[in-house]
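**Q** just coords:
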């Protein structure tokens, strides 16, 4: 039997506590699986003196106040970073650990999205592992699937639902007919959304995860600063209803796809056909789809957050290290990762859903149709809704009509140009809504 | 750069040809991923002289007529067994390869289900890898997910749709309202079913795959001979319609679940709630669900067969070997695998769907209800269908009525006893249909 693998955990929130609990309570099983014991030896947390119940007695371990001191301590072989944040102590301690020759396990998507290239080079220079299965889609082993399971494939696209908060809100809106604000409030009450929800609902969280998947899928340097991003705050019940009527559901997807000009990374509300597997993913569940040339399309789904589910991924990474599984951080040596070449959003090709609030004027719809035609956009379906407030007897001017369009495949540039022209024509009562379709 | 990993492929059907094509055409990418080149050096096939187009020119490789000779050849480091069959040349050559210190990659579920314990011991004694990702659910990396991704979990259940032929037939029956025979014939015409379909439709193929998942999930020695098995031949359009009406779909599942008395391995048509993720898996697609104590429930879905999809898994296994990933065959040393203790089918607990053809006699339904009650079975729903051939004016005796029941959780023993008693009472016109429910 090899000597024990000594673990130091920095950050004892829900994930850190669950991780500590699993490695101690499942010690015998884990030893069988890994071929050597794993031993929690030291911890680091800001709230050392607090009495909060972590579900495990940590009094027997060496306590550190400074994560960098833990990261470089002789008492550990593996530094488990569960502090969070893309800089500060998380960055400093992870870099220090790698330079000190410690393996690093982290659940920190923001850190990897921001500093993944540098940290990968540091890990590979030191000959240690830097692993982060828990950083994307919680308990779903999507990084292992991409880095190892898909190794025989040339990946053309990877996309998924990677933010449980957004998917919970969109699912509630769809199932209960509630508006966005109400569902956000309920998500906050249930602990599915933060008091300041911007990071989730604006798409940043998804973008961080997407940047990691992109690098693994396409062998490119990680690049999270140039991801096209739209959140879900502009999605209304009318859009949800229209999607339903037209045979779609609305999901916040992160999508990374190889195009002729580079790689398109985008996060936005997306219409997906109701019969697509990804359309079935409801509530806080996450799912990621990988399209590969050999395998076709596979999907992994499961819990994307939660202490135990995330700790499941952290422990799997620890077991991999104990088993001496050592792979390049992004599936190939970091020095050989290709520069990320951004495919510009205006060349994006796909179908679009457009919702317009059209004023009741002769020729208004003809003008709109002409603008679409001018840009070479052809329409798959058109739905016009009864006018709101339309009442001839009241003597009021009829309200605008809602017109919903689904286009055949076109480009972002064409759609933008058509909508700008439609706006300029002045026949519409509000800014057009536009949602991309993913098949 | 490490020296090339030399591959020998035995069996050049669709999977073997795809594997050869990927390792040669993707050589550069694979080298980057694996950190060393992979080199196909030798092949073995029965039809060496045939001119069939394999999509790759194999004339430059050493040809063997005898797989055992290839398996033990100095020209190879890895023996890729794609011959098939649970004995004969597949077994002989894999065992010979392991004993000669060659790594083995195989897609052969029958071989692993029958001889997995012995082969795992041989591989671990020789210090080489024996890997078979392609043996279960084709291109879906389910074995890696169980063996590595779920390493931090105690698994309570693993189940899935692992036979595309059966799922295709059941999906067609459901979507088109066709009967079993018609759908089987169509599946045969499309190449989704063999000329002799028994192995698929009777459940044997699923049972082999389930035996492999059971061993990985529960750390037990592989045991495929005592799996409870029912095929899909008895499923009628009436059952499909009833399932739909009651909120279920019918899928052929392989289920392995830990119980108080051991492990239950069973393959049978199963009613799954329509809103369950597994219920969305249609056509030839496969899906496997893992329930773990930390992660909760995750599902992997994708193509379960096909040359390229299966080769994707074979190549991923080869890349793992090239990367020096060496793990115990079933996730822990074969010598430490626990004996398989069978949980008897009569102790199986769950809900049941029962379809009865009840004769039009006073008290018939009361007698049936009493038999259920006598066994402590309570009913969740009851649907009685219009009698077939019921026509008072014709003077004919009314035909039997179809009665469909869904029970609350009960046991197999209770259901069997109730149905035996109902049979003995003589109020039914045909053998009862019984389908288990999985939630």
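**A** Yep, it's here. Nothing here was measured: the structure is a model prediction, and the numbers come from that model.
**Q** which residues sit in contact with residue A:33?
**A** By Cβ atoms under 8 Å, 6 or more residues apart in numbering or on different chains, the contact set of residue A:33 is A:319, A:323, B:151, B:331-332. Using the backbone N, CA and C atoms, a C-beta is placed for each residue, glycine as well.
**Q** now it: which helix or strand?
**A** Element membership of residue A:33, judged by DSSP states H and E, is helix A:27-34.
**Q** tell me the buried residues in that helix?
**A** Using 16 or more other Cβ atoms under 10 Å in any protein chain shown as the test for burial, helix A:27-34 gives A:29-34.
**Q** just put these in CSV and tack on pLDDT.
**A** Output for the buried residues of helix A:27-34, formatted as CSV (pLDDT from 0 to 100):
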residue, pLDDT
A:29, 96
A:30, 97
A:31, 97
A:32, 95
A:33, 96
A:34, 96
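**Q** could you dump these into a markdown table and include distance to residue A:278?
**A** Listed next are these as a markdown table, based on distance: Cβ to Cβ, whole Å:
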| residue | distance to residue A:278 |
| --- | --- |
| A:29 | 34 |
| A:30 | 33 |
| A:31 | 38 |
| A:32 | 36 |
| A:33 | 32 |
| A:34 | 34 |
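**Q** which residue ranges form the strands in the stretch 51-200 of chain A?
**A** Counting by DSSP state E, counting those that start in this stretch, the stretch 51-200 of chain A has strands at residues A:62-64, A:78-81, A:103-106, A:130-131, A:155-161.
**Q** can you list the domains in chain A?
**A** A:5-135, A:143-303, A:348-437 (automatic domain parsing).
**Q** dump these into a markdown table; add distance to residue B:224 as well.
**A** As requested, the domains of chain A are exported to a markdown table (distance: least, Cβ to Cβ, whole Å):
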| stretch | distance to residue B:224 |
| --- | --- |
| domain A:5-135 | 23 |
| domain A:143-303 | 24 |
| domain A:348-437 | 45 |
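**Q** neighbours of residue A:337, just the number please.
**A** Here the count is done by other Cβ atoms under 10 Å in any protein chain shown, and residue A:337 has 23 residues near it.
**Q** contacting residues around it?
**A** So residue A:337 contacts A:117, A:120, A:215, A:219-221, A:330 (Cβ under 8 Å, 6+ apart).
**Q** cutoff 7 Å now
**A** A:215, A:219-221, A:330 (Cβ atoms under 7 Å, 6 or more residues apart in numbering or on different chains).
**Q** dump these into CSV; add secondary structure and neighbour count as well.
**A** Formatted as CSV, the contacts of residue A:337 follow (DSSP: H, G, I helix; E, B strand; the rest coil; neighbours: other Cβ atoms under 10 Å in any protein chain shown):
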residue, secondary structure, neighbour count
A:215, helix, 30
A:219, coil, 18
A:220, strand, 22
A:221, coil, 16
A:330, coil, 28
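**Q** list just the nearest of those to residue B:85.
**A** residue A:219 (38.2 Å; Cβ to Cβ).
**Q** which residues touch the closest one?
**A** A:331-332, A:337-338.
**Q** state the phi and psi torsions of it.
**A** With angles defined as degrees, to the nearest 10, residue A:219 sits at phi 70, psi 30.
**Q** tell me the pLDDT of it.
**A** Per-residue pLDDT puts residue A:219 at 97.
**Q** could you check how far it is from residue A:271?
**A** 30 Å (Cβ to Cβ, to the nearest Å).
**Q** before we move on, what about residue A:172?
**A** For residue A:172, the distance to residue A:271 - Cβ to Cβ - is 18 Å.
**Q** looking at these two, which is more packed in?
**A** residue A:271 (26 against 21).
**Q** about what we covered before: would you list the strands of the stretch 51-200 of chain A in CSV and tack on mean pLDDT and mean neighbour count?
**A** CSV is the format used below for the strands of the stretch 51-200 of chain A (pLDDT from 0 to 100; neighbours: other Cβ atoms under 10 Å in any protein chain shown):
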stretch, mean pLDDT, mean neighbour count
strand A:62-64, 95, 16
strand A:78-81, 98, 29
strand A:103-106, 98, 28
strand A:130-131, 98, 27
strand A:155-161, 98, 23
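**Q** just send those strands back as CSV, with distance to chain B too.
**A** As requested, these are arranged in CSV below (distance: least, Cβ to the nearest Cβ, whole Å):
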stretch, distance to chain B
strand A:62-64, 23
strand A:78-81, 12
strand A:103-106, 11
strand A:130-131, 11
strand A:155-161, 11
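**Q** nearest to residue A:433, out of those?
**A** strand A:155-161 (20.8 Å).
**Q** contact partners for residue A:228?
**A** Residue A:228 neighbours (Cβ under 7 Å, 6+ apart): A:265-266, A:345.
**Q** just put these in TSV and tack on neighbour count.
**A** Formatted as TSV, the contacts of residue A:228 follow (neighbours: other Cβ atoms under 10 Å in any protein chain shown):
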residue	neighbour count
A:265	26
A:266	25
A:345	17
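**Q** any idea which of these is closest to chain B?
**A** residue A:265 (20.9 Å; Cβ to the nearest Cβ).
**Q** wait, a strand at that closest one?
**A** Yes - counting by DSSP: H, G, I helix; E, B strand; the rest coil, residue A:265 is part of a strand.
**Q** tell me the contacts of residue A:377?
**A** A:407, A:410, A:414-415, A:418.
**Q** what about the strands in the stretch 251-400 of chain A?
**A** Under DSSP E, counting those that start in this stretch, the stretch 251-400 of chain A gives strands at A:262-273, A:285-292, A:296-303, A:349-358, A:379-384.
**Q** the helices in chain A, which residues?
**A** Taking DSSP state H as the test, the helices found in chain A are A:14-25, A:27-34, A:67-71, A:88-99, A:109-126, A:142-144, A:164-176, A:180-189, A:198-201, A:204-218, A:237-246, A:307-322, A:364-374, A:412-425.
**Q** per-residue confidence for residue A:58?
**A** pLDDT at residue A:58 comes out at 79.
**Q** just give the number of residues close to it.
**A** 19.
**Q** now for the closest residue to it other than its chain neighbours: which residues touch it?
**A** Among residues not flanking residue A:58 along the chain, residue A:43 sits closest, at 5.7 Å (Cβ to Cβ, 6 or more residues apart in numbering or on different chains). With Cβ under 7 Å, 6+ apart as the criterion, the residues that contact residue A:43 are A:8-9, A:12, A:58, A:61, A:63.
**Q** what of residue A:62?
**A** Contacts of residue A:62 (Cβ under 7 Å, 6+ apart): A:41-42, A:75.
**Q** out of those residues, which end up buried?
**A** Buried among these by 16+ other Cβ under 10 Å: A:41-42.
**Q** of the contacts of residue A:62, closest to chain B?
**A** residue A:41 (18.4 Å).
**Q** turn the strands of the stretch 251-400 of chain A into CSV, including distance to residue B:88.
**A** Listed next are these as CSV, based on distance: least, Cβ to Cβ, whole Å:
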stretch, distance to residue B:88
strand A:262-273, 46
strand A:285-292, 33
strand A:296-303, 31
strand A:349-358, 51
strand A:379-384, 55
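**Q** of all those, which lies closest to chain B?
**A** strand A:296-303 (3.2 Å).
**Q** what mean pLDDT does that closest one get?
**A** 98.
**Q** show me what it is packed against.
**A** strand A:285-292, strand B:296-303 (3 or more Cβ pairs under 7 Å, 6 or more residues apart in numbering or on different chains; DSSP states H and E).
**Q** which bits of the stretch 51-200 of chain A sit near chain B?
**A** A:139-141, A:144-145, A:148-154 (Cβ under 7 Å from any Cβ of the partner chain).
**Q** most surrounded residue in those?
**A** Busiest of those [other Cβ under 10 Å] is residue A:149, holding 34 neighbours.
**Q** for that residue, which non-adjacent residue is closest in space?
**A** Here the residue nearest residue A:149, using Cβ to Cβ, 6+ apart, is residue B:141, at 2.9 Å.
**Q** good, we can wrap up now.
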